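>>> Have a look; sequence and predicted model below, questions after that.
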Amino acid sequence: MDMNISAAITFLTGFLVTYFVTPILAKLLEKHDMVGIDIHKLEQPKIPAMCGISITIGLTAAVAISSMIAPAYAIKFVTFLAVTLLACLIGIVDDLKTLGPRIKPLLTALACIPIILSGSYNPYPLLPIIGSLRLTIVYPLLIPFAVAVPANAVNMMDVLNGAMAGTSAVTVFFILICAALFGRWEIVILCGGLLGSLIAFYKYNRYPARVFSGDSGSLAVGAAIGALAILGSLEVVSVIALMPQIMNGFYNLSSIGRLYEHREISQRPTKLLKDGRLSASDNSSSPLTLTRMILADGPMNEKDIVKAFLILSIFSGCLSLGTALLTGLNI
Amino acid sequence: MLISRDRFVDGVEYMKSISWLLAILFLVWLMMLAGLWIIFKIIIPIPREETLSILIDAAKVGLSASLSLLWLWLWREMATRFFWHRLRKKQRDA
């Protein structure tokens, strides 16, 4: 079957399954009092948490369909799914019983085991301008970071309505284009499934959110992006496409100087004003987050901050496309 | 007119408020490309003398690591300085 049609089928499968599963899951979780408080709203509404599991369910259905229509890539598809499921499981444990700030990255790093076991990686990464590198010994040692860093960076982006799902969808869209440019059709198919699930989830998670993703969704999406980068040998372009998420994580950690859980921070980076807008905290001990930086010029409403996240993601995506084109050059 | 003048002005103000973050992203990307080129085209190809091979290898690793740390430091400094400058300016204007 034509690869474009295969990608369209997985996109539709991911979209439809997530679209129909999310509200059912939300009702079920609400019934069992699995809710989170939307702290950036004046009314502080209770929203069903952990609904990001529906992204993994949609993705599982998409990968199952992919394996049927392109069986030649079944090993890569199963490896990708195993990484995502492991990260989702870690996320569920974190949602139910908060994991420590050091344990969580460590466990998400372990989600890379299926990639190492299946050997579905290419230790000759392509760098822009430079060309191919031979990293046969070092590369397997870097794989845990390649899964843990995006997983936790995407998780740290899940602070506002639609921020995680929206920015991740933009990132995956640009990875899909880069994969198509390099002719990595199996990655195009997987990106299609993930993109479909994310867009369907965004519909419920965007402002004003009706569902929260929870760590079960954000860690799975981040680990899936990391797995796409490794399986498709798209390491550098994926890092560039993920720049806003990495930027947010980097500023957060460098301003506090250690790994931390947001529950540990007494000085919040933003303040909720009486008119419902958010403003940047002027306290020097608050973490420097991307949200706080966007608010440097004055208060904004949540919707506009998320719009800024999306603009940053689109800009990074364009830079990743530029990087993909430069990768073809060897100066 | 597709959009009103007020909406256009609001849009320009909005884009201005995030333009500095876009500029940082672009600079970080350029610096990363430049850094990769320096490491892989200048530092790594430095020829190894037979007698000093270990020292030269250590110097290559040290130089490359220093360059990476400098990149991260510049990235953090740019963001922190810009943020506090803009926040204080806004507070003064208010």
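Everything's here; your move.
>>> Which positions in the stretch 151-300 of chain A make contact with chain B?
Counting by CB under 8 Å from any CB of the partner chain, the residues of the stretch 151-300 of chain A lying close to chain B are A:240, A:243-244, A:247, A:250-251, A:254-255, A:280, A:282, A:288, A:290, A:292-294, A:296-298, A:300. Every residue, glycine included, has its C-beta placed from N, CA and C.
>>> Write the PyMOL selection for whichever of those residues are buried.
Here is the PyMOL selection string for the buried members of those, based on 16 or more other CB atoms under 10 Å in any protein chain shown:
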select buried, chain A and resi 240+243+244+247+250+251+254+255+280+288+290+292+293+294+296+297+298+300
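>>> ok and the residue in the stretch 101-250 of chain A nearest chain B?
The nearest approach of the stretch 101-250 of chain A to chain B comes at A:Ile130, 4.4 Å away (CB to the nearest CB).
>>> what's the nearest residue to that residue if we skip its chain neighbours?
Nearest residue to A:Ile130, sequence neighbours excluded (CB to CB, 6 or more residues apart in numbering or on different chains): B:Phe40, at 4.4 Å.
>>> contacting residues around that neighbour?
Neighbouring residues of B:Phe40 by CB atoms under 8 Å, 6 or more residues apart in numbering or on different chains: A:127, A:130, A:133.
>>> could I get these as a markdown table with distance to A:Leu160, neighbour count and secondary structure?
Formatted as a markdown table, these follow (distance: CB to CB, whole Å; neighbours: other CB atoms under 10 Å in any protein chain shown; DSSP: H, G, I helix; E, B strand; the rest coil):
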| residue | distance to A:Leu160 | neighbour count | secondary structure |
| --- | --- | --- | --- |
| A:Leu127 | 34 | 19 | strand |
| A:Ile130 | 37 | 20 | coil |
| A:Leu133 | 37 | 14 | coil |
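>>> before we move on, the earlier item: please flag which of the residues of the stretch 151-300 of chain A next to chain B sit within helices.
Counting by DSSP state H, the part of these found in helices is A:240, A:243-244, A:247, A:250-251, A:254-255, A:290, A:292-294.
>>> will you turn the residues you listed into a markdown table that also has pLDDT?
Converted to a markdown table, those look like this (pLDDT from 0 to 100):
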| residue | pLDDT |
| --- | --- |
| A:Ile240 | 96 |
| A:Met243 | 95 |
| A:Pro244 | 95 |
| A:Met247 | 91 |
| A:Phe250 | 89 |
| A:Tyr251 | 87 |
| A:Ser254 | 82 |
| A:Ser255 | 77 |
| A:Leu290 | 93 |
| A:Arg292 | 94 |
| A:Met293 | 93 |
| A:Ile294 | 94 |
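>>> Show the subsequent helix or strand relative to the lowest-mean-pLDDT helix or strand in chain A.
Here the helix or strand of chain A ranked lowest by mean pLDDT, DSSP states H and E is strand A:131-132, holding a mean of 84. Using DSSP states H and E, the helix or strand that directly follows strand A:131-132 along the chain is helix A:138-156.
>>> what's that next one packed up against?
Other helices and strands packing on helix A:138-156, by 3 or more CB pairs under 8 Å, 6 or more residues apart in numbering or on different chains; DSSP states H and E, are helix A:74-96, helix A:103-110, helix A:113-118, helix A:163-181, helix A:214-231, helix A:243-256.
>>> Out of those, which is the most enclosed?
helix A:214-231 (a mean of 30; mean count of other CB atoms under 10 Å in any protein chain shown).
>>> and the angle from that one to helix A:74-96?
Going by axes from the mean of the first three to the mean of the last three CA atoms, to 10 degrees, helix A:214-231 is angled at 150 degrees with respect to helix A:74-96.
>>> Can you add distance to B:Ser17 and give the helices and strands packed on helix A:138-156 back as CSV?
Shown next, in CSV, are the helices and strands packed on helix A:138-156 (distance: least, CB to CB, whole Å):
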stretch, distance to B:Ser17
helix A:74-96, 33
helix A:103-110, 32
helix A:113-118, 40
helix A:163-181, 17
helix A:214-231, 26
helix A:243-256, 16
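>>> what helix or strand does the residue nearest to the spatial centre of chain B sit in?
In chain B, the residue lying closest to the centroid (CA atoms, centre = their mean) is B:Val28, at 2.7 Å. Taking DSSP H and E as the criterion, B:Val28 maps to helix B:5-37.
>>> May I see the buried residues of that helix?
When burial is assessed from 16+ other CB under 10 Å, helix B:5-37 yields the following buried residues: B:14, B:17-18, B:20-21, B:24-25, B:28-29, B:31-33, B:36.
>>> Arrange those in CSV, one row each, with pLDDT and distance to A:Thr171 as further columns.
As requested, the buried residues of helix B:5-37 are arranged in CSV below (pLDDT from 0 to 100; distance: CB to CB, whole Å):
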residue, pLDDT, distance to A:Thr171
B:Tyr14, 85, 22
B:Ser17, 85, 23
B:Ile18, 90, 18
B:Trp20, 92, 22
B:Leu21, 94, 16
B:Ile24, 95, 18
B:Leu25, 95, 13
B:Val28, 95, 16
B:Trp29, 95, 15
B:Met31, 95, 21
B:Met32, 93, 17
B:Leu33, 93, 19
B:Leu36, 91, 21
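>>> So which of the residues you listed is the closest to chain A?
Nearest to chain A out of the buried residues of helix B:5-37 is B:Ser17 (CB to the nearest CB; 3.9 Å).
>>> residues in contact with the closest one?
Contacts for B:Ser17 (CB under 8 Å, 6+ apart) come out as A:294, A:296-298, A:300, A:308.
>>> now, the most widely separated pair of the residues you listed?
For the contacts of B:Ser17, the farthest-apart pair by CB to CB is A:Gly298 and A:Ala308; their separation is 12.5 Å.
>>> By residue count, which helix of the chain is the longest?
No chain specified, so I'll use chain A. Secondary structure of chain A read by DSSP H shows that its longest helix is helix A:3-31.
>>> Hmm, no, I was thinking of chain B.
Chain B, longest helix under DSSP H: helix B:53-93.
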